[in-house]
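>>> heads up, no residue letters with this:
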DNA sequence: TACTTTTAGGCAATCGATTACATTTTGAAT
DNA sequence: ATTCAAAATGTAATCGATTGCCTAAAAGTA
């Protein structure tokens, strides 16, 4: 495929105006050492000639791309797409562009994607880790080059990488305590890969609440899957087979909670009377499902925005990123009917 | 921010091996004019020295970026994030990368984004138009340069731009016919900007079904909003104020249908007995809401994949894009309880 | 042995913008 | 008119990889 007409470059503009390319370059970038009149004629000519700055050439010379890379587990999850939308907004408002890829929850793709990002010389990286990522060797090349890497939501402890997340332990503790307060004593927990902070932390919050209330933690009450819709259905099947039905289910995300809930309802289980339910994330489905789902509100949009702003501030101001090591965002428990047993009076 | 150590370039490798940079370049790209043994030593040295190819330099020279640009109205909608996930998969499998931005439904941002994409010299562009885009002048610079622009879902008729979409008229015709077959005679249609094919086509399908069944089309039965969740609530309010309640609502997306439905239910309206409901898209919420929502299944993932593959094929094979002008994907009517009145026996 | 062909690799220009440094122009002050 | 700092512009190197063209060495042929 041949590009149509030849591209207009600053040299073409220079030639037309009988000035040097250097001046044209300065004129186009608002450099102070160009007179108002020359600048005006440069802009006019550029416009007339259909000049489009070649960012690639510019990037090569200036050794910065004004591009931010994003690696997330999946693009099509409610939470992640919110997060990315937030990132996009912040990034776009600051004249950066966005390189995006998904790991599909595998470390292998995460590594490949990181490589591509590095080759494309992104100025910074926002990462939310895949389920099975065991180490972050693949981000070392960035750190060696002083390219900032910020972890979002699914984080990893590393001295040089700031992290942005919520207090998962606390949120899970609160939600579990709430279920207990509603009279539940046998709470099943649906979660995913315990390699990830979000799931280990939620699990420990859950355990902590049990312990504080004198309830025995039961290994078999924790069902590990991938938190997909299908995982919810599978969990329901598993629950129905238990010799003693649980009186509550706390799922580490709403998708899984909702599908599990619906599946159980199909088998005649009443929510919350027989089994109370709680999820995590406050997905759109949470207030559509009947009964509405108790959950932790924790929208990705702001998280994405905050992360992107932090990154951009660092890139622009050269402010020391190390200073902000962890940024813990607010989350809130939202109690809905799916867990209200006592007040059912 | 200073980059840590200096980057390793092909010149460094060349120097170390006492060969020319040209040979190193050829060795790294599997050029046939390099002997096996030299190639091997080049790869070894590159690996040892931590060489990372600079795509920017490569892009500048080769005048191609291996980057595909995507402009969508919003990143955080179920449909669009599915679409992007599909695009990402196809793109990533073919060694391309993805530049993404959202127009937030305004033409102004669409124009800005297109500019950035052009400056970054994307090899091709996938676009789904904003609500208020009136013309596509902003894509002309791409076409002039023979950079392919493909419209997806929200398309625009243009001789040089292939389009990928579904037969919206037919789908809307079918869904409306279905409602009529269920005994509905006064069907409200919720939709959005009629500048967009998806909404005008659905409207005409709706009209066509009415006409074929001898029903009068009523201007006031069409409520135009932005199809957001809030728009659904607003529509419900408007419906409740109507002197004669409609017996069905056909919304141009599920989000809006669901929130409208729930709002009406809050006011004692029974679905489908009082008002039957149908949506569009088969969003996850469609089978969570009670009663489950009748809709048109039309997932974005495949559409994104198909679009990206078409674009990449063209870029790789230089196959003539003009030949594929329109690609109409399959969609299917999914009937659920929200519209089943007759069989309610 | 002499000559042709093939193979491997080098030279140097190129992509387009940026920028340190040098030079010229302007205009104010003497 | 002369001087000189300030303002405006020019020169040329640079970023790092690619590639057309050329040469040297190796292999094949007569």
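Structure received. No experiment lies behind these values; they were computed from the predicted model shown. Numbering: from 1, shown residues only, chains lettered A, B, ... in the order given.
>>> now do the contacts for residue A:11.
Residues in contact with residue A:11, defined by C-beta atoms under 8 Å, 6 or more residues apart in numbering or on different chains, are A:21, A:24. Bear in mind the C-beta positions are built from the backbone N, C-alpha and C, glycine included.
>>> ok, 10 Å please
Residues near residue A:11 by C-beta atoms under 10 Å, 6 or more residues apart in numbering or on different chains: A:20-21, A:24-25.
>>> for it, pull up the helix or strand it's in.
When elements are defined using DSSP states H and E, residue A:11 is found to belong to helix A:10-17.
>>> residues making contact with whichever helix or strand comes after that helix?
Beyond helix A:10-17 on the C-terminal side, the first helix or strand identified by DSSP H and E is helix A:21-28. By C-beta under 10 Å, 6+ apart, the surrounding residues in contact with helix A:21-28 are A:9-17, A:19-20, A:31-35, A:38-43, A:45-46, A:51, A:53, A:58, A:61.
>>> about what we covered before: what mean pLDDT does the helix holding residue A:11 have?
Within the predicted structure, the mean pLDDT of helix A:10-17 is 96.
>>> again with stretch A:267-284
In this model, stretch A:267-284 has a mean pLDDT of 96.
>>> start and end of it, how far apart?
From the first residue to the last, stretch A:267-284 extends over 24 Å; the measure is C-alpha to C-alpha, to the nearest Å.
>>> now the residue of the stretch 101-250 of chain A found nearest DNA strand C: closest residue in space, sequence neighbours ignored.
Using C-beta to the nearest atom of the strand, the point where the stretch 101-250 of chain A gets nearest to DNA strand C is residue A:121, with a distance of 13.2 Å. Of all residues beyond its chain neighbours, the one nearest residue A:121 is residue A:65 (5.0 Å), with distances taken as C-beta to C-beta, 6 or more residues apart in numbering or on different chains.
>>> repeat for residue A:83
Closest residue to residue A:83 in three dimensions, ignoring its sequence neighbours and counting by C-beta to C-beta, 6+ apart: residue A:300, at 3.4 Å.
>>> with residue A:97 instead?
The shortest distance from residue A:97 to any residue other than its chain neighbours is 5.0 Å, reached at residue A:67 (C-beta to C-beta, 6+ apart).
>>> burial measure for that neighbour, as a count.
Using other C-beta atoms under 10 Å in any protein chain shown, residue A:67 is surrounded by 23 other residues.
>>> thinking it is in contact with residue B:120, fair?
Yes. If you go by C-beta atoms under 10 Å, residue A:67 and residue B:120 touch, sitting 7.8 Å apart.
>>> what do those two both touch?
Taking C-beta under 10 Å, 6+ apart as the contact rule, the neighbours common to residue A:67 and residue B:120 are A:55, A:59, A:97, A:99, B:67, B:99.
>>> narrow the residues you listed to those in helices?
Within the shared contacts of residue A:67 and residue B:120, membership in helices is found for A:55, A:59, as judged by DSSP state H.
>>> residue A:260: which of the shared contacts of residue A:67 and residue B:120 is nearest?
The nearest member of the shared contacts of residue A:67 and residue B:120 to residue A:260, counting by C-beta to C-beta, is residue A:99 at 35.8 Å.
>>> contacts only, for the spatially closest residue to that closest one that is not a sequence neighbour.
For residue A:99, the nearest residue in space outside its immediate sequence neighbours is residue A:69; the separation is 4.5 Å by C-beta to C-beta, 6+ apart. Residue A:69 makes contacts with A:98-101, A:113-114, A:116-118, A:120-127, A:142, A:147, A:149, B:97, as judged by C-beta under 10 Å, 6+ apart.
>>> hey, where'd the strands end up in the stretch 1-150 of chain A?
Secondary structure of the stretch 1-150 of chain A (DSSP state E, counting those that start in this stretch): strands at A:67-72, A:97-102, A:124-127, A:149-152.
>>> now mean pLDDT and distance to residue B:249 too, for those, in TSV please.
Supplementary listing: those in TSV, determined by pLDDT from 0 to 100; distance: least, C-beta to C-beta, whole Å:
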stretch	mean pLDDT	distance to residue B:249
strand A:67-72	98	36
strand A:97-102	96	36
strand A:124-127	98	41
strand A:149-152	97	39
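>>> can you list the ones you listed in JSON lines and add distance to residue A:326?
Putting those into JSON lines (distance: least, C-beta to C-beta, whole Å) gives the following:
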{"stretch": "strand A:67-72", "distance to residue A:326": "20"}
{"stretch": "strand A:97-102", "distance to residue A:326": "24"}
{"stretch": "strand A:124-127", "distance to residue A:326": "15"}
{"stretch": "strand A:149-152", "distance to residue A:326": "10"}
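>>> so which of those strands gets nearest DNA strand D?
strand A:67-72 (15.9 Å).
>>> please name every helix or strand in contact with the lengthiest helix in chain A.
What stands out as the longest helix in chain A, according to DSSP H, is helix A:300-317. Judged by 3 or more C-beta pairs under 10 Å, 6 or more residues apart in numbering or on different chains; DSSP states H and E, the packing partners of helix A:300-317 are strand A:67-72, helix A:78-93, strand A:124-127, strand A:149-152, strand A:163-166, strand A:326-329.
>>> quick check: residues of chain A near DNA strand C?
For chain A, the residues in contact with DNA strand C (C-beta under 7 Å from any atom of the strand) are A:7, A:9-11, A:21-22, A:25-26, A:28-29, A:51, A:53-54, A:57-58, A:60-62.
>>> only whichever of these are buried, select them in ChimeraX.
Those of those that meet the burial criterion (16 or more other C-beta atoms under 10 Å in any protein chain shown) are gathered into one ChimeraX selection, given here:
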select /A:9,10,25,26,28,51,53,54,57,58,60
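>>> contacts with DNA strand D among the residues of chain A next to DNA strand C, please.
If you filter these for contact with DNA strand D, counting by C-beta under 7 Å from any atom of the strand, you are left with A:21-22, A:26, A:57, A:60-61.
>>> buried ones in the longest helix of chain A?
For helix A:300-317, the neighbour count (16+ other C-beta under 10 Å) marks A:300-301, A:303-312, A:314-315 as buried.
>>> next, the angle from that helix to helix A:78-93.
Counting by axes from the mean of the first three to the mean of the last three C-alpha atoms, to 10 degrees, helix A:300-317 lies at 30 degrees to helix A:78-93.
>>> what's the angle between helix A:300-317 and strand A:67-72?
Calculated by the same axes, to 10 degrees, helix A:300-317 forms an angle of 150 degrees with strand A:67-72.
>>> so for helix A:300-317, mean pLDDT?
If you average the per-residue pLDDT over helix A:300-317, you get 94.
>>> next one: it to chain centre, how far?
Distance, stretch centre to chain centre, for helix A:300-317: 12 Å (C-alpha atoms, centre = their mean, to the nearest Å).
>>> count of neighbours near the spatially closest residue to residue A:151 that is not a sequence neighbour?
Of all residues not flanking residue A:151 in the chain, residue A:163 sits nearest, at 4.7 Å (C-beta to C-beta, 6+ apart). For residue A:163, the neighbour count with other C-beta under 10 Å is 20.
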